[in-house]
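Asker: Any chance you could fold what I've pasted below:
(2 chains)
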Amino acid sequence: MMQVQDEVVSKHEPQTNKGLAIKIEGLSKFYGNARGVIDLDLTVAEGEVFGFLGPNGAGKTTTIRLITDLIRPSKGQASIFGLDCQRDSVEIKRLIGYLPGELALWGNLTGAETLQYLGNLRGGVDVKFVESLAQRLDLDLRKKFRSYSKGNKQKVGIIQAVMHHPRLLILDEPTSGLDPLNQQEFYAIMREAQAGGASVFLSSHIFEEVERTCQRVAIIREGRMVRVASIHEIISEKAHRLEFSFSQPVPASEFANLPGVTSAEAHGNNLTVLVQGSVAPVVKTAARYPIVNLVTHEPNLEEAFLQYYHSTGEEAK
Amino acid sequence: MLQNILLKTIRDNWKAIMGWGVGMGLILGLNLVAYIVQYPTVADRLRGAQALAPLLQSFRFLLGEPVDVSTPGGYLTWRVVGFVPVLLSIWASLSATGSTRGEEESGIADLVLTTPHSRSNVLLQKWLGYSLSLLGILLVAWLVTYGSSLAANGGVGPLESLLMLLNLGLLAWFWGSLALLIAQFVRSRGAAAGITIGLMLLTYLLNTIAGALDSTRWLTYLSPFRYTNLNKPLVPGSSFDLLAFSIAPLLAVASFALARYFYLRRDSGAALQWRKSQPVARLTTVNWHERLLNNIFVKSLRDLRLGALWWSLALALYCGYVAGLGSQLLPIIKNALGGSNSPPAASPVRSLLATTWWPSACSTSCHCCCLATP
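Answerer: I've put the predicted structure just below:
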């Protein structure tokens, strides 16, 4: 399993001349009787937006807590911008902005006080920039943190993560609790950060979010990295589904042997074909028969992810 | 006050500084004023001291070594100074663990620890913040105590009262620092503070009860209270033992140094692990037949079982200890109760017992409240 994984990872090293924002080598964390993460290998290029996908309890947050030095690895190592995550943690913390998955802050401080304090701990931030972020996210900074709704608390978390213009943003489910309008604003903030040269390490459950913002993704399952690839690669591996309706029955065997076809099933006048890669040979063959209707299903990351997960799950069994 | 972690910690303790400072000052000040009003002249005080002398001698096992109560300072030392550090240490334990383990429990520590400060620096600032808050309480208490003394036209001097409070405060400082150390081994603030307060009460009783008997007096060397009680700055003519005065702060600094050592070596939010964990392929199976989750009543029992176990053990140990010493303590108690030849003698005894047990009952209630608070 590990050998396969190594091959997968090395095949998909980031294609860039820039340095690495994150490098993880053989990173493992064991917790007593509970599984943590096992032998993770990963690289994130500088300037890249990298998605980190996995079901609940797969080890996403553990990985993030390891690279932020909140917890210590059982073995392996991680570095950020070439600095060791444990040895150079203070220097690294100057370069990162972090939004935890479960945000907790001081209930007795207002939003402004919270950001002021965290800004002071970072050596001071541009107040005008903080105010502009709050305005964009429609956040009233005068309220106490305890009185905020979940979405507004999340906005405070987002602002504190980006307010000091970090070189690397580490975001654990950043849009959790945000309404669609504020989600769009958050994506805009993230794009601006990336345009300014920042790298983003984004852990998320929302496939659409990852698909539209990330260049590459890693999929983690039961503590092990099972796939690291570009979004395009993962999606292209997923078959297109073509559903034909003809005015007469057609032989499925004629389609089954076409290049890229993984499955062809006929039911009366209907034919369903699964194709990986180009659909041209299938369409050309179908054109020889009287087509009444054609429906195509474009693969997306979610389908690819679920398919991948399903297959790896079966393999595991 | 939001400039750094140290100032933020003091800011968080602001209400406690005022509340505990004024409260402690009032306990000391009102007792002082009451004494001066009740015994206005030197002759009154001498008579009062003479009446109390046999009681003080007999109830050493509850009150510690007797002192000269013919002066306001001596009376205050006997009446109040013994239990004030117990109350203050409860606050110290809760405060020291609140800003550290408490923030880890809530998850706030994750964000603080991802700002550009080393773990060591974060812990140091929090500990210093707690220490300065304690100093703030002492200063407020001193202002109220000395103010009361001035209002009552005499009583205790400014330097003596400051030294007395500092002596007590250093002991509380140690207990708070010890709580910080214990917090490295447990996952919750309540557990760390609870264990510390339990240890404190144990050593308090050890100092008073064991100190009353020659055969067990050596045990008092194990109690930090012994060293604090050696210095009685309010008692006129008492000597100052610098070594005894230094023991609590030395223990406090040592506790912090150890806490820092362990804090740097553990995961944030977790307790220190002694054994290295091994990889586990699958999550362990779940017990779906937990009987203690059948209804609210048994769930409540389940929640309280650990606390109940420790309290039962502590009480059993205490009872066993007192029962073991019973044969030696009985003559002392008989002497105290039957030794007085005037009929109202029973009244000061009862009053003495009430005075002695009130602080214990109070601190026990505080502890129960702390443990019961989720």
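Asker: Which pLDDT value goes with the residue nearest to residue B:12 when sequence neighbours are not counted?
Answerer: Closest residue in space to residue B:12, ignoring its immediate chain neighbours: residue B:99 at 6.7 Å, by CB to CB, 6 or more residues apart in numbering or on different chains. C-beta coordinates here come from the backbone N, C-alpha and C atoms, glycine included. At residue B:99, the pLDDT value in this model is 88.
Asker: Give the burial count for residue B:99, as a bare number.
Answerer: 25 (other CB atoms under 10 Å in any protein chain shown).
Asker: Return the residues in contact with it.
Answerer: B:9, B:12, B:126, B:129, B:130 (CB atoms under 8 Å, 6 or more residues apart in numbering or on different chains).
Asker: how much space between it and chain A?
Answerer: Relative to chain A, residue B:99 is positioned 11 Å away (criterion: CB to the nearest CB, to the nearest Å).
Asker: Of the contacts of residue B:99 - the most surrounded one?
Answerer: residue B:130 leads the contacts of residue B:99 on contacts (other CB under 10 Å) with 28 neighbours.
Asker: any idea which of the contacts of residue B:99 is closest to chain A?
Answerer: Nearest to chain A out of the contacts of residue B:99 is residue B:12 (CB to the nearest CB; 8.0 Å).
Asker: How about the residues of the stretch 51-200 of chain A by chain B?
Answerer: A:65, A:68-72, A:74, A:89-91, A:93-94, A:96, A:98, A:100, A:102-106, A:108-109, A:113, A:116-118, A:120-123, A:160 (CB under 8 Å from any CB of the partner chain).
Asker: just to revisit the earlier point, next up, phi/psi of the residue nearest to residue B:12, please.
Answerer: Residue B:99 adopts backbone torsions of phi -80, psi -10, taken as degrees, to the nearest 10.
Asker: And residue A:30, by the same measure?
Answerer: With angles defined as degrees, to the nearest 10, residue A:30 sits at phi -110, psi 140.
Asker: In the stretch 151-300 of chain A, which residue sits nearest chain B?
Answerer: residue A:160 (7.1 Å).
Asker: and the residues of the stretch 51-200 of chain A next to chain B, which are buried?
Answerer: Using 16 or more other CB atoms under 10 Å in any protein chain shown as the burial test, these include A:65, A:68-72, A:74, A:89-90, A:93, A:96, A:98, A:100, A:103-106, A:109, A:113, A:116-118, A:120-122, A:160 as buried.
Asker: Filter those down to just the ones in strands.
Answerer: Of these, the ones assigned to strands by DSSP state E are A:96, A:98.
Asker: Give me the subset of the buried ones among the residues of the stretch 51-200 of chain A next to chain B lying in helices.
Answerer: Those of these mapping onto helices are A:65, A:89, A:90, A:93, A:113, A:116, A:117, A:118, A:120, A:121, A:160, per DSSP state H.
Asker: Same list, those residues, but as TSV with pLDDT please.
Answerer: Shown next, in TSV, are those (pLDDT from 0 to 100):
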residue	pLDDT
A:65	95
A:89	94
A:90	95
A:93	95
A:113	95
A:116	95
A:117	95
A:118	95
A:120	94
A:121	94
A:160	96
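Asker: just those now: which is nearest residue B:202?
Answerer: residue A:65 (37.3 Å; CB to CB).
Asker: Spatially central residue for chain A, please.
Answerer: residue A:51 (2.3 Å; CA atoms, centre = their mean).
Asker: Make sure that residue is indeed in a strand.
Answerer: Yes - according to DSSP: H, G, I helix; E, B strand; the rest coil, residue A:51 belongs to a strand.
Asker: Name whatever forms a beta bridge with it.
Answerer: Residue A:51 has these beta-bridge partners by DSSP bridges: residue A:202, residue A:217.
Asker: May I ask you to confirm that it is in contact with residue A:206?
Answerer: No - contact between residue A:51 and residue A:206 fails when scored by CB atoms under 8 Å: they sit 9.9 Å apart.
Asker: OK, contacts around the residue nearest to the centre of chain A?
Answerer: A:202, A:203, A:204, A:210, A:213, A:214, A:216, A:217, A:218, A:231.
Asker: And it, how close does it get to residue A:303?
Answerer: According to CB to CB, to the nearest Å, residue A:51 stands 16 Å off from residue A:303.
Asker: One more: residue B:240?
Answerer: 80 Å.
Asker: More neighbours: which of these two?
Answerer: Between residue B:240 and residue A:303, residue A:303 has the larger neighbour count (other CB under 10 Å), namely 16 against 12.
Asker: That one: which element?
Answerer: Residue A:303 belongs to helix A:301-316 when assigned by DSSP states H and E.
Asker: same check, this time on residue A:78
Answerer: Secondary structure assignment for residue A:78, by DSSP H and E: strand A:75-80.
Asker: ok, residues contacting the very next helix or strand once past that strand?
Answerer: Using DSSP H and E, the next helix or strand after strand A:75-80 towards the C-terminus is strand A:83-84. Contact with strand A:83-84 is made by A:77, A:78, A:91, A:92, A:95, as judged by CB under 8 Å, 6+ apart.
Asker: on that earlier part again, which of the contacts of residue B:99 fall within helices?
Answerer: Reading helices off these with DSSP H, I get B:9, B:12, B:126, B:129, B:130.
Asker: So, low pLDDT: which residues of chain B?
Answerer: The model of chain B has pLDDT under 70 over residues B:58-65, B:274-285, B:325-329, B:331-374.
Asker: tell me the centre residue of it?
Answerer: Geometric middle of chain B (CA atoms, centre = their mean) lands on residue B:86, at 2.6 Å.
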